[in-house]
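>>> generate coordinates for the sequence data below:
(one chain, ligands or ions: 1)
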Amino acid sequence: VAFAPNLSTAVSLVAWGLPFHQRDLVLTIDQEFPSNVYPWRAVATAKNLRLETFTSRPDLSIDWDHFLTRIRPGIRAVVLSWVQYKAGTTAPLHEISAACRRVGAWLIVDAIQGLGVMPFDLVASGADVICGGTHKWLCGFTGQAFMAFRDDLFLEMTPVIAGARTYGGPEVKVTADKEPVATASRFEAGSATHLASIPVAASVEVLIRHGIPEIGRVSGELADRLRRGIHGKGYTILGDQPGTPTSPLVCFRDGLLRDLSEKLTEHRVSHVLREHGLRLSPHAFNTTAEVDQVLALIPPRG
Ligand SMILES: Cc1ncc(COP(=O)(O)O)c(C=O)c1O
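Alright, predicted model coming up:
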């Protein structure tokens with residue numbers, strides 16, 4: 001594991017560090033968060049890679065069977081979010097990583113929208129690298145992100161930002177032929193952002209004490225209750241549909257969402273309104289009564 005100040009930096013370190021060759025194909029998805037788009041665009045331009053973007057369905061769900069057929073010889077890296085930020089669409093990482101292995105592609109995953117609320121096993125997922133950050137379900141502050149490697153791919157990667165810690169720390173004698181350290185710390189060039197680690201260390205302790213499977217169960221039930229209630233009021237649920245194993249991100253559209261957003265703000269209900277829909281994100285510390293309060297604020301569509 002290596003820490004970074006934000007996910008953009010972590011993804012950039014991965015994208016710039018991988019040993020790509022000219023014309024290598026990188027497959028990604030059209031609804032990625034910008035921090036997982038621009039680093040790849042920059043590297044694709046600089047290294048003359050080809051970026052191929054898979055198109056989601058209009059409701060932001062993804063035809064994974066079709067996606068898997070696009071992982072073919074010639075693809076060098078597959079870059080996607082485990083859980084998409086727009087509507088919580090959740091990728092079947094196990095199948096995707098198996099397809100990547102068959103064609104010799106790396107699987108690079110932005111896992112920020114699932115870590116802390118859904119069980120995740122890096123080895124079982126088969127992802128080569130995951131990038132994450134602490135200010136979502138891990139309940140930390142912004143300013144702390146990380147990358148984690150399933151295996152030792154980092155040994156083949158160049159640390160594009162170099163500092164004392166890339167080479168073992170300030171006490172290690174500077175020589176002309178020094179090699180970067182043989183751990184993921186080669187990507188932590190300088191001093192760490194300790195201030196951002198303190199709150200997330202406390203919240204991770206709480207998450208571990210309760211257990212992520214239990215947190216996933218509780219938040220999943222709350223999200224499903226929300227989804228069913230909102231669907232029953234005539235709105236269109238985006239992303240994965242009710243009843244499928246998915247993240248607790250609930251996103252819907254149609255109706256007077258701007259008015260609804262103002263009402264939710266007035267009642268101090270955290271949410272996000274974007275052009276594609278309104279998103280709610282119940283965590284395990286929320287209660288059924290709170291979900292019902294939110295549902296009561298949402299008018300049925302006429
Ligand atoms: C999927 C996803 N990736 C990354 C980020 C954050 O990126 P950064 O740490 O670069 O701001 C977010 C949201 O903050 C996100 O939803």
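>>> make it CA atoms for all contacts and neighbour counts henceforth
OK.
>>> how far away is the residue in the stretch 51-200 of the chain that the ligand sits nearest to from F285?
As assessed by Cα to the nearest ligand atom, the ligand sits closest to Y85 within the stretch 51-200 of the chain, at 4.6 Å. Y85 sits 20 Å away from F285, going by Cα to Cα, to the nearest Å.
>>> go on, T265?
For T265, the distance to F285 - Cα to Cα - is 19 Å.
>>> repeat for V1
28 Å.
>>> what about these two, which has more around it?
V1 (17 against 8; other Cα atoms under 10 Å).
>>> and the pLDDT for the residue of the stretch 201-302 of the chain found nearest the ligand?
Residue of the stretch 201-302 of the chain nearest the ligand, by Cα to the nearest ligand atom: L249 (10.8 Å). L249 carries a pLDDT value of 96.
>>> that one: neighbour count?
Neighbour tally, L249, other Cα under 10 Å: 29.
>>> alongside the ligand, which residues does the stretch 51-200 of the chain contribute?
Q84, Y85, I112, Q113 (Cα under 6 Å from any ligand atom).
>>> export those residues to a markdown table and tack on neighbour count and secondary structure?
Below are those laid out as a markdown table (neighbours: other Cα atoms under 10 Å; DSSP: H, G, I helix; E, B strand; the rest coil):
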| residue | neighbour count | secondary structure |
| --- | --- | --- |
| Q84 | 25 | coil |
| Y85 | 18 | coil |
| I112 | 24 | coil |
| Q113 | 26 | coil |
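>>> can you list the residues that contact the longest strand anywhere in the chain?
The residue-count maximum for a strand in the chain (DSSP state E) belongs to strand 75-81. The contact list for strand 75-81, computed with Cα atoms under 8 Å, 6 or more residues apart in numbering, reads 20, 24-29, 32, 36, 71, 90-91, 100, 103-111, 113.
>>> strands of the protein, start to end?
Under DSSP E, the chain gives strands at 2-4, 25-29, 50-54, 75-81, 106-110, 129-133, 145-149, 236-237, 250-253, 272-274, 277-280.
>>> save these as CSV, and put in distance to R209 too.
Formatted as CSV, those follow (distance: least, Cα to Cα, whole Å):
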stretch, distance to R209
strand 2-4, 23
strand 25-29, 35
strand 50-54, 39
strand 75-81, 26
strand 106-110, 25
strand 129-133, 20
strand 145-149, 22
strand 236-237, 33
strand 250-253, 26
strand 272-274, 29
strand 277-280, 25
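>>> dump the ones you listed to CSV, plus mean neighbour count.
What follows is the strands of the chain, written out as CSV (neighbours: other Cα atoms under 10 Å):
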stretch, mean neighbour count
strand 2-4, 22
strand 25-29, 22
strand 50-54, 17
strand 75-81, 24
strand 106-110, 24
strand 129-133, 27
strand 145-149, 22
strand 236-237, 20
strand 250-253, 26
strand 272-274, 15
strand 277-280, 21
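>>> and of these, who's closest to A296?
strand 277-280 (14.3 Å; Cα to Cα).
>>> which residue packs closest to A148, ignoring adjacent ones?
Nearest residue to A148 in three dimensions, chain neighbours excluded: V1, at 4.3 Å (Cα to Cα, 6 or more residues apart in numbering).
>>> check contacts around that neighbour.
V1 sits in contact with F146, M147, A148, F149, A184, S185, where contact means Cα under 8 Å, 6+ apart.
>>> list just the nearest of the residues you listed to S12.
Taking the contacts of V1 together and measuring to S12 by Cα to Cα, the closest member is M147, at 10.7 Å.
>>> give the bridge partners for the closest one, please.
A2, C131 (DSSP bridges).
>>> ok, back up a step: how much space is there between the residue nearest to A148 and R279?
Where R279 is concerned, V1 sits at a distance of 31 Å (Cα to Cα).
>>> same thing with V269?
11 Å.
>>> and if you look at G114?
15 Å.
>>> I112 now?
Counting by Cα to Cα - I112 and R279 are separated by 16 Å.
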